[in-house]
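*Asks:* Have a look; sequence and predicted model below, questions after that.
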Amino acid sequence: MFERLGHFLGRFLERDQPSDQPVISQDAAALAAAIRVGDVLLVEGRARVSTAIKYLTQSTWSHAALCVRDLTSGEGRVDLVEVTIQDGCHQVPLSKYTLFNTRLCRAAGLSVDERQAVADFMSTRIGITYDTRNVIDLARYLFPTPPVPVRWRRRLLTLGSGDPTRAICSSLIAQAFQSVDYPVLPKIEMLRTPTGRPLGAVWHQRHASLIVPRDFDLSPYFAVVKPTLHRGFDHHRIPWAENDADGAQDGDSQGKILG
């Protein structure tokens, strides 16, 4: 009974609702050309579960996926590995997110071998499934804006989970980077002598279950890659509509009056 209920809740929570989100101007070809193995793609989801995650993490980004194949492979395709409630850990084409708002984050300083090791970590986890019998995990997302104090919201994402890496997509990606000793948002402990003299610092990896999609955006160790700029952008080539200039002026004037 719980498994059937879990499957029903999973479908309900992950049902896409395109009309609920305006999409910014995106260049799918530029994204495909810019993304590299080991990059993290953050997604602004449109489902009920996405709304809840965005609220709980106070962020635009509700989902994360890792690139495991890019165009440099010569196969003419880009593949991601992601974790979802219905399908668990699985591989999808980059084209799945053509009509979504996204952000591309890249770990700085990783060697080609380390980037591949991160990708392999994710690929070997394909097939891990979400335990839909754990209805508590799913029920927390039924209320898009639960009345939870800010300091407890991140913790709520792991409520009831026997295996946190199956509960939220970013946890497994965090484990992949931790497998090559790369930080996402580490805890840095300052060491001191009994008299208070500083001895230096030691870093601790934050538990993967507490890493959320926005942490890859906030991390000082991940660069945000803008595919359109990466490909080469020239504003002189924009085919602006002629009547937009008048509209912009009207808007500016109105703004000055109202401001």
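*Replies:* Looks like it came in fine.
*Asks:* Help me confirm that residue 202 is found in a strand?
*Replies:* Yes. Judged by DSSP: H, G, I helix; E, B strand; the rest coil, residue 202 forms part of a strand.
*Asks:* count of neighbours near it?
*Replies:* By other C-beta atoms under 10 Å, 11 other residues sit near residue 202. In this view, the C-beta of every residue, glycine as well, is placed from N, C-alpha and C.
*Asks:* That one: what's it in contact with?
*Replies:* Taking C-beta atoms under 8 Å, 6 or more residues apart in numbering as the definition of contact, the neighbours of residue 202 are 188, 189, 191.
*Asks:* swap the cut-off to 10 Å and go again
*Replies:* Contacts for residue 202 (C-beta atoms under 10 Å, 6 or more residues apart in numbering) come out as 186, 187, 188, 189, 190, 191.
*Asks:* State the distance from it to residue 186.
*Replies:* 10 Å (C-beta to C-beta, to the nearest Å).
*Asks:* repeat for residue 210
*Replies:* As for residue 210, its distance to residue 186 is 12 Å (criterion: C-beta to C-beta).
*Asks:* Please identify which of those two sits among more neighbours.
*Replies:* Neighbour count, other C-beta under 10 Å: between residue 210 and residue 186, residue 210 has more, with 18 against 15.
*Asks:* Return the per-residue confidence for the more buried one.
*Replies:* pLDDT, the model's per-residue confidence, is 76 for residue 210.
*Asks:* Looks like it contacts residue 175 (just checking).
*Replies:* No. With contact defined as C-beta atoms under 10 Å, residue 210 does not reach residue 175; the gap is 11.8 Å.
*Asks:* and the host helix or strand of residue 170, what does it pack onto?
*Replies:* If you go by DSSP states H and E, residue 170 is part of helix 169-178. The helices and strands touching helix 169-178, judged by 3 or more C-beta pairs under 10 Å, 6 or more residues apart in numbering; DSSP states H and E, are strand 40-44, helix 48-57, strand 63-69, strand 79-84, helix 112-123, helix 214-218.
*Asks:* which secondary structure elements does whichever helix or strand residue 30 is part of contact?
*Replies:* When secondary structure is defined using DSSP H and E, the element that contains residue 30 is helix 28-34. For helix 28-34, the packing partners by 3+ C-beta pairs under 10 Å, 6+ apart come out as strand 101-107, helix 227-231.
*Asks:* so which of these is the most packed in?
*Replies:* strand 101-107 (a mean of 20; mean count of other C-beta atoms under 10 Å).
*Asks:* so what's the backbone phi/psi at residue 222?
*Replies:* In terms of degrees, to the nearest 10, the main-chain angles of residue 222 are phi -120, psi 130.
*Asks:* Check whether it really touches residue 211, as I assumed.
*Replies:* No. Checked against C-beta under 10 Å, the pair residue 222 and residue 211 is beyond contact range at 11.8 Å.
*Asks:* Looking only at neighbour counts, state which of the two leads.
*Replies:* Between residue 222 and residue 211, counted using other C-beta under 10 Å, residue 211 has the larger neighbour count: 27 against 22.
*Asks:* which residues sit in contact with residue 221?
*Replies:* Counting by C-beta under 10 Å, 6+ apart, residue 221 makes contact with 105, 107, 108, 109, 110, 177, 182, 183, 184, 185, 186.
*Asks:* Which member of the residues you listed is positioned nearest residue 226?
*Replies:* residue 105 (11.2 Å; C-beta to C-beta).
*Asks:* unless I'm mixing things up, residue 177 is touching residue 66, no?
*Replies:* Yes. Between residue 177 and residue 66 there is a contact at 9.1 Å, judged by C-beta under 10 Å.
*Asks:* any residues in contact with both of those two?
*Replies:* Contact with both residue 177 and residue 66 is made by residues 38, 40, 118, 121, 216, according to C-beta under 10 Å, 6+ apart.
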